[in-house]
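In: Show me the folded form of this:
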Amino acid sequence: MSRECYFTGKKTIAGNTIARRGKAKYLGGVGRNVTGITKRKFKPNIQKVRALIDGKVCRLKVSAKAIKMGLVTKPLRRKYNKAETGE
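Out: Residues are numbered from 1 along each chain as shown. As a prediction, the model looks like this:
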């Protein structure tokens with residue numbers, strides 16, 4: 001499975017890190033110079049979560065933002081102790 005959110009569609013995207021040197025003009029310098037550009041990846045915060053989909057419990061890869069937004073409905077917690085159920 002790929003690193004992609006089931007609900008929001010967030011996935012890994014490519015970008016650059018830009019290394020600069022020098023002092024900015026507004027701070028009294030002659031300006032900032034780019035000394036190197038390196039490829040990098042921006043990865044979303046993906047979690048494996050048990051969620052209810054159409055009444056069935058299934059494991060999904062979901063972004064942390066989708067969990068915070070409330071898009072994930074988690075199944076009820078199972079009660080193991082008989083004293084808690086009242087039997």
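In: just checking, what packs against the helix or strand hosting Ala51?
Out: Using DSSP states H and E, Ala51 maps to strand 46-53. In terms of contacts (3 or more CB pairs under 8 Å, 6 or more residues apart in numbering; DSSP states H and E), strand 46-53 is packed against strand 56-63, helix 64-69. In this view, the C-beta of every residue, glycine as well, is placed from N, C-alpha and C.
In: and the angle from that strand to strand 56-63?
Out: 150 degrees (axes from the mean of the first three to the mean of the last three CA atoms, to 10 degrees).
In: Okay, buried residues for strand 46-53 please.
Out: Within strand 46-53, the residues scored as buried using 16 or more other CB atoms under 10 Å are Ile46, Val49, Ala51.
In: quick one: the last one and Lys61 touch, right?
Out: Pointing back at Ala51 there. No. Counting by CB atoms under 8 Å, Ala51 does not reach Lys61; the two are 10.4 Å apart.
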